[in-house]
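Participant: make a model of this:
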Amino acid sequence: MPQAVKMVVTGPFSSGKTQFIQSISEIDVVATERKITSDVEKIKNATTVAMDFGRITVDEELVLYLFGTPGQKRFDFMWEILSEGMLGFVVMVDSTRPETFREAISILQTFKAYAPTPYVVAANKQDSADAWDMDDLRIALRLDPAIKLLPCVAKDRESVKGVLLELLYAILEEMAPDTTVDFSALKG
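Facilitator: From the prediction side, this is the model:
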């Protein structure tokens with residue numbers, strides 16, 4: 001029976017959480033998206049209302065379960081539920097939308113309070129001309145230099161793999177600091 005690792009992908013509304021999971025999952029993503037009928041329709045036309053779920057089999061000994069949270073504040077009651085049992089989390093930030101940075105900081109603090117697990121921050125849309133520079137983004141998000149802030153393009157499978165590998169390494173380091181594991185299957 002493979003070891004299961006639960007990871008949560010969280011962040012503000014429309015930061016790329018669903019796309020991130022869809023880009024890497026080996027199964028059809030279980031998504032609870034509903035059509036939006038309000039002002040936010042200009043940004044996107046659907047929103048996650050409960051969760052997204054995807055799975056990645058790294059090898060016969062390791063399976064990753066990815067749970068994406070809703071980004072809208074009115075669905076934040078799901079955050080604590082989804083954080084139960086997580087071994088680590090990714091905070092997605094749309095690096096082209098500075099108006100969401102304050103909310104990203106708040107979500108990060110909330111998830112750190114739920115569980116003291118490893119986490120990384122993924123700066124999505126780094127392929128966009130108006131993406132914030134990584135150094136400026138670190139300052140805006142008030143991230144300690146020890147926190148991994150990773151460039152990301154949620155539509156690109158290799159980019160998503162890179163983010164997940166960094167989180168896996170952080171989880172492994174916390175669980176068994178003297179152990180080495182080969183994650184090359186995930187890179188393949």
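
Participant: tell me the confidence at the closest residue to R142 other than its chain neighbours?
Facilitator: Excluding the flanking residues, the one nearest R142 by C-beta to C-beta, 6 or more residues apart in numbering is I105, at 6.1 Å. Any C-beta I mention is one placed from the backbone N, CA and C, and that applies to glycine too. pLDDT for I105: 97.

Participant: for I105, the count of nearby residues, please.
Facilitator: Counted with other C-beta atoms under 10 Å, residues neighbouring I105 total 17.

Participant: next one: the one 3 residues further on
Facilitator: Here the neighbour count serves as a burial measure; for L108 (other C-beta under 10 Å) it reads 21.

Participant: residues of the lengthiest helix in the chain that come out buried?
Facilitator: When the chain is parsed with DSSP state H, its longest helix is helix 157-175. Using 16 or more other C-beta atoms under 10 Å as the test for burial, helix 157-175 gives 159-172.

Participant: cool, and stretch 135-148?
Facilitator: Buried-residue list, stretch 135-148, by 16+ other C-beta under 10 Å: L137, R138, A140, L141, L143, K148.

Participant: including pLDDT, secondary structure and distance to F67, could these go into TSV?
Facilitator: Shown next, in TSV, are the buried residues of stretch 135-148 (pLDDT from 0 to 100; DSSP: H, G, I helix; E, B strand; the rest coil; distance: C-beta to C-beta, whole Å):
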residue	pLDDT	secondary structure	distance to F67
L137	97	helix	25
R138	98	helix	26
A140	98	helix	27
L141	98	coil	22
L143	97	coil	23
K148	97	coil	20
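
Participant: what would those look like in TSV with distance to A113?
Facilitator: Listed next are the buried residues of stretch 135-148 as TSV, based on distance: C-beta to C-beta, whole Å:
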residue	distance to A113
L137	23
R138	21
A140	21
L141	17
L143	17
K148	19
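
Participant: among the residues you listed, which two are most distant?
Facilitator: Pairwise distances across these (C-beta to C-beta) peak at 16.2 Å, for the pair A140 and K148.

Participant: in stretch 70-89, which residues are buried?
Facilitator: Residues of stretch 70-89 classed as buried: P70, G71, F75, M78, W79, L82, S83, M86, L87, G88, F89 (neighbour count, 16+ other C-beta under 10 Å).

Participant: now, which of the residues you listed lie within helices?
Facilitator: M78, W79, L82, S83.

Participant: so the second one touches V9, yeah?
Facilitator: No: shown here, W79 and V9 do not form a contact pair, counting by C-beta atoms under 8 Å, at 11.7 Å.

Participant: what's the overlap in contacts for these two?
Facilitator: T69 (C-beta atoms under 8 Å, 6 or more residues apart in numbering).

Participant: fine by me, thanks again.
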